[in-house]
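> Structure for the following, please:
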Amino acid sequence: MNTPASPVRQSATPTRITTDVLLVGAGVMSATLGSLLKTLQPDWSVTVLERLEAPALESSDPWNNAGTGHSALCELNYTPQQPDGSVDVSKAITVNEQFQLSRQFWAHGVDNGLLKDPSTFINPVPHVSFVRGAENVEYLRKRHDTLAGHPLFAGLDFIHDRDEFARRLPLMAEGRDEREDVAISWTDHGTDVDFGSLTAQMLGTLTAQGADVRYGHEVKNLGRDTDGTWRVKVKDRTEDRTVTISAKFVFVGAGGGAIQLLQKSGIEEIKGFAGFPVSGQFIRCLDDTVTEKHEAKVYGMAAVGAPPMSVPHLDTRVIGGKRSLLFGPYAGWTPKFLKEGSFTDLPLSIRPHNLMPMAAIGVTSWGLIKYLVLELAKTRGRKVEDLRAFAPLAEEEDWELITAGQRVQVVRKKGRFGGSLEFGTTVVNAADGSIAGLLGASPGASTAVSAMLDVLERCFPGQIEGWRPQLKEIVPSYGLSLGENPSLYSDLKDWTDRTLGLTGTTV
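Now for the predicted structure:
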């Protein structure tokens, strides 16, 4: 498991601070944006506030997410089948393009000494899609045929042979009914990412570059001063005092807590938005005799009527140099917006402007509500039974239950009285670009670079053109479609594979 950077002591710090950039939350989003801004404008002062005692303890923690390195190589919810039988791969291509930006950013960090040995945060692991039943096998075949010709999905194999299935996935083949029709798509180009280690390294570099990174500091309120700057009231838990920070630009990268802070800011753009919290659990295996039989991230299909976030997957994880297996997710529910949050988070987030959207999704999302009720009723034994659809001979005593990070799905106003529940990520920013925040979850951390480039474009329109040449050095495909530039993609993939140590699949 990653070792967080040591908390910074703040015993002699003042109670009034002025900064150019204030980043709220010490997760992968703030770390990425801070790294970009410090590279583009090294003369700008950057302050990072985290209410917990170390970085990446919420959604960026490696055990609080699946670390898949979402590139849509195996996630079937990104490639839905259409009524005419065709497979829509547009979202998969978009997500893959976004992940390529992250790979380039990380490779640039390694090349320039901003990140350490890449094996401490990213490792090659095959990405696999898994289906059962003749109808689903045919869908997977169509998906493969539609994607395989695209440059970003080159090398995607379709496998419908039981012997080859058993050779590649022995844990999943052992004890499986020979009459069961199974198929997989397979690529060696997948990754496992420890976002906790990555985040800690980026924040460590930011600190060395002069950023003021403060743990045990919780933002309680914020508002605009007459000169347009943000006045932020902060509770310093380390010394039990209040600190006031004046900031020209504020980014709220506080995970599920972002919506409440954006509401406190009073910006018009947050009106109509609400959050629907969903907690999660995984079961984990640390036994080497089991983990050595499975080296892949294998994604199945969500149950009929279940939301995209419920897609079951059996993952190889590499955390702190040790392999393990993770299976899930199993959904739960709590009104908390953060794993270390409060049971009052949800009720206190309800405002007159988002009451109708919340009520509307309560009426239209019965499938989700039913799914959550059934998930909450599952016993530990029933959870292991779900695992046996992937690993038929799984033994309950080999697996332990862990609680994952809290996810807050975006609820957006739709029409006059309606609302829609969204499962992606959304950037919300003030019209003048002085404050922005990220709402939502998946694909989340994997596409942090794409999301933070979006923040730069929205919030710094006067600087973005001047920054563009340097951004192209950091992320060479910025502003381009790699799918439309296959030779550029090939060159960049060779560079990122080599720099990040992704040339093999043995971990």
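> helices and strands of the chain: which one bottoms out on pLDDT?
Using mean pLDDT, DSSP states H and E, the weakest-scoring helix or strand in the chain turns out to be helix 366-376, at a mean of 74.
> Number of residues surrounding Thr39?
18 (other Cβ atoms under 10 Å). The way it works is simple: take the backbone N, C-alpha and C, and place the C-beta from them, glycine included.
> helix or strand right after the least confident helix or strand of the chain?
Using DSSP states H and E, the helix or strand that follows helix 366-376 in sequence is helix 380-387.
> So which elements touch that following helix?
Judged by 3 or more Cβ pairs under 8 Å, 6 or more residues apart in numbering; DSSP states H and E, helix 380-387 is in contact with strand 273-285, strand 322-332.
> Please state the offset of the longest one from the chain centre?
Distance, stretch centre to chain centre, for strand 273-285: 12 Å (Cα atoms, centre = their mean, to the nearest Å).
> helices and strands around it, which ones?
Under the contact rule (3+ Cβ pairs under 8 Å, 6+ apart), strand 273-285 is packed against helix 258-265, strand 322-332, helix 345-349, helix 352-364, helix 380-387, strand 400-403, strand 407-414.
> Format these as JSON lines; extra columns: mean neighbour count, mean pLDDT and distance to Pro151.
Listed next are the helices and strands packed on strand 273-285 as JSON lines, based on neighbours: other Cβ atoms under 10 Å; pLDDT from 0 to 100; distance: least, Cβ to Cβ, whole Å:
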{"stretch": "helix 258-265", "mean neighbour count": "23", "mean pLDDT": "94", "distance to Pro151": "35"}
{"stretch": "strand 322-332", "mean neighbour count": "21", "mean pLDDT": "91", "distance to Pro151": "30"}
{"stretch": "helix 345-349", "mean neighbour count": "18", "mean pLDDT": "89", "distance to Pro151": "43"}
{"stretch": "helix 352-364", "mean neighbour count": "16", "mean pLDDT": "82", "distance to Pro151": "38"}
{"stretch": "helix 380-387", "mean neighbour count": "15", "mean pLDDT": "88", "distance to Pro151": "35"}
{"stretch": "strand 400-403", "mean neighbour count": "14", "mean pLDDT": "92", "distance to Pro151": "38"}
{"stretch": "strand 407-414", "mean neighbour count": "22", "mean pLDDT": "86", "distance to Pro151": "31"}
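> Looking at these, which is nearest to Glu97?
strand 407-414 (21.6 Å; Cβ to Cβ).
> Tell me the buried residues in the least confident helix or strand of the chain?
Across helix 366-376, burial judged by 16 or more other Cβ atoms under 10 Å covers 368, 371-372, 375.
> again with stretch 292-302
Residues 293-302 are the ones in stretch 292-302 that count as buried (16+ other Cβ under 10 Å).
> Quick one: mean pLDDT over that stretch.
For stretch 292-302, mean pLDDT is 95.
> How about stretch 209-220?
Mean predicted confidence for stretch 209-220 is 96.
> For it, buried residues please.
So, applying 16+ other Cβ under 10 Å, buried residues of stretch 209-220: 211-219.
> from these, which ones fall inside strands?
Counted as lying in strands by DSSP state E, out of the buried residues of stretch 209-220, are 212-215, 217-219.
> What's the local residue count around the closest residue in space to Pro443 that isn't next to it in sequence?
Computed as Cβ to Cβ, 6 or more residues apart in numbering, the closest residue to Pro443 that is not its neighbour in sequence is His70, at 3.8 Å. Neighbour count of His70, defined by other Cβ under 10 Å: 25.
> again, but for Leu393
13.
> hang on, it in a helix?
No. Judged by DSSP: H, G, I helix; E, B strand; the rest coil, Leu393 forms no part of a helix; its state is coil.
> Not counting stretch 78-88 itself, show me its contacts.
72, 89, 91-92, 95, 139, 142-143, 146-147 (Cβ atoms under 8 Å, 6 or more residues apart in numbering).
> so how far is it off the chain centroid?
25 Å.
> How about stretch 394-409?
Chain-centre distance of stretch 394-409: 17 Å, with Cα atoms, centre = their mean.
> again, but for stretch 400-413
11 Å.
> Can I get it in PDB? Just the C-alpha atoms.
Extracted C-alpha coordinates of stretch 400-413, given in PDB (Å, rounded to 0.1, in the frame of the first residue of the first chain):
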ATOM      1  CA  GLU A 400     -12.200 -10.300   3.200                       C
ATOM      2  CA  LEU A 401     -14.800  -7.500   2.900                       C
ATOM      3  CA  ILE A 402     -13.600  -3.900   2.600                       C
ATOM      4  CA  THR A 403     -15.400  -0.600   2.300                       C
ATOM      5  CA  ALA A 404     -14.600   1.400  -0.800                       C
ATOM      6  CA  GLY A 405     -14.800   5.200  -1.300                       C
ATOM      7  CA  GLN A 406     -18.000   7.100  -1.300                       C
ATOM      8  CA  ARG A 407     -19.300   8.200  -4.700                       C
ATOM      9  CA  VAL A 408     -21.800  11.000  -5.200                       C
ATOM     10  CA  GLN A 409     -23.600  10.800  -8.600                       C
ATOM     11  CA  VAL A 410     -24.600  14.100 -10.200                       C
ATOM     12  CA  VAL A 411     -28.300  15.100 -10.300                       C
ATOM     13  CA  ARG A 412     -28.900  17.800 -12.800                       C
ATOM     14  CA  LYS A 413     -32.000  19.900 -13.400                       C
END
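> quick revisit: want to throw the buried residues of stretch 209-220 into TSV with distance to Leu40?
Putting the buried residues of stretch 209-220 into TSV (distance: Cβ to Cβ, whole Å) gives the following:
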residue	distance to Leu40
Ala211	14
Asp212	18
Val213	19
Arg214	22
Tyr215	25
Gly216	29
His217	25
Glu218	28
Val219	25
